[in-house]
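Chemist: generate a structure from the sequence data that follows.
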Amino acid sequence: MLNAAQMALFDLGDDRLELLTHDTQGSAAGAASAAQAAINDGAQIILGPLLAAEVEAVKPIAGSAHIPVVAFSTAMQLAGDGVYLMGFSPAQEVARVTNYAHAQGRQNFAVLAPRSPYGEVVADAVRAAVSAAGANLVRVEFYDASINDMASAVRRFAGEGHEFDALFLPEGDGRLKALAPQLPYFNIDPSQVKFLGTGLWDEPGLGTEPSLDGAWYAAPDPQSRAGFEKRYRDLYKTAPPRLATLGYDATALAAVLARAPQGADFSPPTLTNPNGYAGIDGIFRLRPDGQVQRGLAVLEVHRGGGTVIDPAPQTFEHIGY
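Modeler: Take a look at the predicted model:
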């Protein structure tokens with residue numbers, strides 16, 4: 001993320017913006033010390049930290065100094081009071097793909113999720129999104145987040161029947177690939193039940209699992225970041241982690257606001273400009289409640305990667321999630 005931030009500084013910064021770096025050491029205490037050091041160095045805006053416990057530790061320190069924080073966590077309960085969260089919101093991803101699936105005729109939704117903070121957040125988001133769409137939530141079932149034997153979880157889930165035509169699977173990477181093939185094995189047929197995912201699915205190689213072919217998820221349009229990813233690889237000789245774009249977009253935002261005619265303006269009205277900003281991951285805007293709103297696409301899983309089947313909006317005029 002620091003590499004990406006330095007790219008944004010090179011692209012958009014000038015002598016009105018200086019990027020100071022302070023290591024949180026991955027802990028709440030380290031984040032608190034880093035925030036105080038940044039403020040002592042004269043910081044007017046803090047970009048980061050990444051983890052929820054770190055954001056929680058930084059919030060009162062930055063607040064007492066009236067310094068805004070643009071953090072990268074998805075712990076939306078920490079948003080507000082000067083903290084703006086750039087992280088990808090599971091609730092918005094769920095709402096986007098739910099609305100699309102319902103528009104395509106899917107009426108009865110279910111959730112099979114790990115019993116974890118993330119799984120609980122997604123289940124709550126599905127409840128809200130399905131209700132708002134006027135659809136039905138017919139099943140929510142959790143399994144032990146630590147289990148590696150996905151077959152037992154799916155066997156129990158499938159054994160109670162499946163009166164749903166859309167199923168959310170909030171897992172990612174290897175665990176999703178272990179879970180997905182168990183579903184058709186236990187007669188949850190992906191040709192009849194549309195599998196739905198979250199931003200955890202926004203990783204290459206998902207389509208190598210045949211049972212996920214044709215599944216849907218919401219995420220930023222990958223074409224928006226293709227140029228960034230190539231430049232990053234050329235510069236640093238490695239592929240950027242998925243979250244690197246957050247570092248770029250937060251720094252780009254600071255660089256733009258630092259060039260205001262009357263001097264750097266990181267005030268709440270400017271940060272929360274309702275017209276939003278165009279970033280590597282598409283359009284986004286910071287809301288007064290501290291949460292981010294993004295223009296998301298709906299993608300379909302295929303062996304060659306995610307294919308956009310419903311484009312991301314280009315303005316916030318008609319976003320309904």
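
Chemist: and stretch 186-195, which residues are buried?
Modeler: For stretch 186-195, a neighbour-count test (16 or more other CB atoms under 10 Å) marks 188, 190, 193-195 as buried. Every C-beta, even on glycine, is put in place using the N, C-alpha and C of the backbone.

Chemist: touching it from outside, list them.
Modeler: Residues outside stretch 186-195 that contact it (CB atoms under 8 Å, 6 or more residues apart in numbering) are 101, 106, 151, 154-155, 157-159, 162, 164-167, 169, 180, 183-184, 211-216.

Chemist: check stretch 237-256 too.
Modeler: By CB under 8 Å, 6+ apart, stretch 237-256 touches 1-9, 11-14, 17, 19, 45, 47-48, 50, 70, 72, 86-87, 202-203, 220, 225, 228-229, 232-233, 266, 271, 277, 279-281, 284.

Chemist: report the buried members of the residues you listed.
Modeler: Buried members of the contacts of stretch 237-256, scored by 16+ other CB under 10 Å, are 1, 4-9, 12-13, 17, 45, 47-48, 50, 70, 72, 86-87, 202, 220, 225, 228-229, 232, 266, 271, 279-281, 284.

Chemist: in PyMOL, how would I select the buried members of the contacts of stretch 186-195?
Modeler: Per 16+ other CB under 10 Å, the buried members of the contacts of stretch 186-195 correspond to this PyMOL selection:
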select buried, resi 101+106+154+157+158+162+164+165+166+167+169+180+183+184+211+212+213+215+216
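
Chemist: which helix or strand contains Val70?
Modeler: strand 69-71 (DSSP states H and E).

Chemist: what's the first helix or strand after that strand?
Modeler: Downstream of strand 69-71 (by DSSP H and E), the next one is strand 83-85.

Chemist: buried residues, the helix or strand following that following strand. List them.
Modeler: Note on strand 83-85: by DSSP H and E, the next helix or strand toward the C-terminus is helix 90-103. Buried positions in helix 90-103, judged by neighbour count with 16+ other CB under 10 Å: 90-102.

Chemist: same for helix 90-103, what does it pack against?
Modeler: helix 117-133, strand 194-197, strand 216-219, strand 297-302 (3 or more CB pairs under 8 Å, 6 or more residues apart in numbering; DSSP states H and E).

Chemist: quick one: mean pLDDT for that helix?
Modeler: Helix 90-103 carries an average pLDDT of 97.

Chemist: show me what it is in contact with.
Modeler: 74, 76, 109, 118, 121-122, 124-126, 128-130, 132-135, 166, 168, 170, 194, 196-199, 216-219, 293-294, 296, 298, 310, 320-321.
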